[in-house]
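Colleague: compute the structure for the input listed below.
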Amino acid sequence: MKQDQVFDLICSLVDGDKQKIDIGFNRMISELGNTNGAYRLQRIYDSYKNNTGKLIELPQALKPFVCETYKEVSMDNLLLNDTIIEFLENIRKEWSYRKELREQGLTNSNRVLLVGPPGNGKTSFAIALAGYLGITPYIAITNELIDSHLGESEKNVINLIQNIPSQGLLFLDEFDTLGTSRTDDTASSGRAYNNIVNSLLMSLDRLPEDVVFVAATNRDDLLDSAVHRRFDVVLSFPDPTIEQKEMYVEKYMKRKAIQLPFDKEKIEQCTSYSDLEHEAVRLHKQCILSGLL
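Modeller: Sure, this is the predicted structure:
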């Protein structure tokens, strides 16, 4: 692999020339052959492609706990109720004026709890919120934070939250696995779990104003009351109504610039946006394979 190829690829990335970027990556990967360098470069290239041209370089401390790639989501593709729309207007204003707020001894809202059944867009909303604010999302792998070795889980929680870069958004799904109510159990397992919650509380109290923390759960009733109080805003993501299901289907067809023969009864049977997406994709494929599109 020649030096000129490296410089050419860097220039292509700076210029945003996707055709030259693809050629540069593929040429370098091919020349490296069956080596560890080729494997690492392929991962970087996959990250670039999966993120619609966005490369994410994770801090070393985050790599065990954060997804290295994510699929961008536009807020325009989501169905949002009036409460969430009002929240978006407020948080963008506070984010833009966070310096002025600090000068008056105030802080911008940056701790958001999303509550609702699975499949109703909590993760998509968190990613879209990062794009809406112009910051980078970091999607945590929640189960990787839990460690069987005593004391390691709370260290993982602290390291994760403290190492999110400035202008970043940390998203934690299945948040109830970390923030469940503390117990009076004096056994080592009970004390260890309480320590995780205490570490979480301490980290949230120290969260910088230029980092946004978003957590999601479908069991907010299990959260420790002190954890619940740490959030500036709680947003509800309930199951979609019939009207919202029909709107979602319309958005899908508009996004794909197609017309699909949806069965109204099947749409009504879908209980979440995730179910609707699966049904839309299934029908879309069926139409293609049947020659209808």
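Colleague: what's the pLDDT at residue 288?
Modeller: Per-residue confidence at residue 288 stands at 89 (pLDDT).
Colleague: buried set for the strand or helix carrying it?
Modeller: Using DSSP states H and E, residue 288 maps to helix 273-289. Buried residues in helix 273-289, counted by 16 or more other Cβ atoms under 10 Å: 273, 274, 275, 276, 277, 279, 280, 283, 284. Where C-beta positions appear, they are placed from N, C-alpha and C, glycine not excepted.
Colleague: which residues touch the third one?
Modeller: For residue 275, the contacting residues are residue 119, taking Cβ atoms under 8 Å, 6 or more residues apart in numbering as the criterion.
Colleague: also residue 95?
Modeller: 108, 133 are the contacts of residue 95 under Cβ under 8 Å, 6+ apart.
Colleague: for the stretch 101-250 of the chain, just list every one of the helices.
Modeller: For the stretch 101-250 of the chain, applying DSSP state H, counting those that start in this stretch gives helices covering 122-133, 142-145, 152-162, 176-179, 188-205, 225-229, 242-256.
Colleague: mind putting those helices in JSON lines, distance to residue 70 included?
Modeller: Converted to JSON lines, the helices of the stretch 101-250 of the chain look like this (distance: least, Cβ to Cβ, whole Å):
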{"stretch": "helix 122-133", "distance to residue 70": "6"}
{"stretch": "helix 142-145", "distance to residue 70": "15"}
{"stretch": "helix 152-162", "distance to residue 70": "16"}
{"stretch": "helix 176-179", "distance to residue 70": "20"}
{"stretch": "helix 188-205", "distance to residue 70": "22"}
{"stretch": "helix 225-229", "distance to residue 70": "25"}
{"stretch": "helix 242-256", "distance to residue 70": "19"}
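Colleague: TSV for the ones you listed, including mean neighbour count?
Modeller: Listed next are those as TSV, based on neighbours: other Cβ atoms under 10 Å:
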stretch	mean neighbour count
helix 122-133	21
helix 142-145	16
helix 152-162	19
helix 176-179	22
helix 188-205	17
helix 225-229	14
helix 242-256	15
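Colleague: stretch 161-181: how far from the chain's middle?
Modeller: Centroid separation between stretch 161-181 and its chain, computed with Cα atoms, centre = their mean, to the nearest Å, is 10 Å.
Colleague: same question, stretch 120-140
Modeller: 5 Å.
Colleague: could you do stretch 15-27 as well?
Modeller: 27 Å.
Colleague: contacts only, for the closest residue to residue 161 other than its chain neighbours.
Modeller: Excluding the flanking residues, the one nearest residue 161 by Cβ to Cβ, 6 or more residues apart in numbering is residue 203, at 4.0 Å. Listed by Cβ under 8 Å, 6+ apart, the contact partners of residue 203 are 157, 158, 161, 162.
Colleague: what residue ranges in the stretch 51-200 of the chain score low on pLDDT?
Modeller: 51-58, 68-69, 148-150, 185-190 (pLDDT under 70).
Colleague: strands of that one, start to end?
Modeller: 111-115, 136-139, 168-172 (DSSP state E, counting those that start in this stretch).
Colleague: what about residue 82, how many residues nearby?
Modeller: By the criterion of other Cβ atoms under 10 Å, residue 82 has 7 neighbours.
Colleague: can we start the residue count at 32 from this point?
Modeller: Right, with 32 as the first residue, what we last looked at is residue 113.
Colleague: that one and residue 43: what is the separation?
Modeller: Per Cβ to Cβ, to the nearest Å, residue 113 is found 44 Å from residue 43.
Colleague: between the buried residues of helix 304-320, which sits nearest residue 164?
Modeller: Using Cβ to Cβ, residue 304 comes nearest to residue 164 of the buried residues of helix 304-320, at 22.3 Å.
Colleague: who's in contact with that closest one?
Modeller: 110, 150, 151, 152, 271, 279.
Colleague: now for the residue nearest to the third one when sequence neighbours are not counted, how many residues are close by?
Modeller: This means residue 151. Spatially, and ignoring its direct neighbours in sequence, residue 151 is nearest to residue 268 (4.4 Å; Cβ to Cβ, 6+ apart). Number of residues near residue 268 (other Cβ under 10 Å) recorded here: 23.
Colleague: doesn't residue 156 make contact with residue 268?
Modeller: Yes. With contact defined as Cβ atoms under 8 Å, residue 268 counts as touching residue 156 (7.2 Å).
Colleague: residues shared between the contacts of those two?
Modeller: With Cβ under 8 Å, 6+ apart as the test, residue 268 and residue 156 both reach residue 145.
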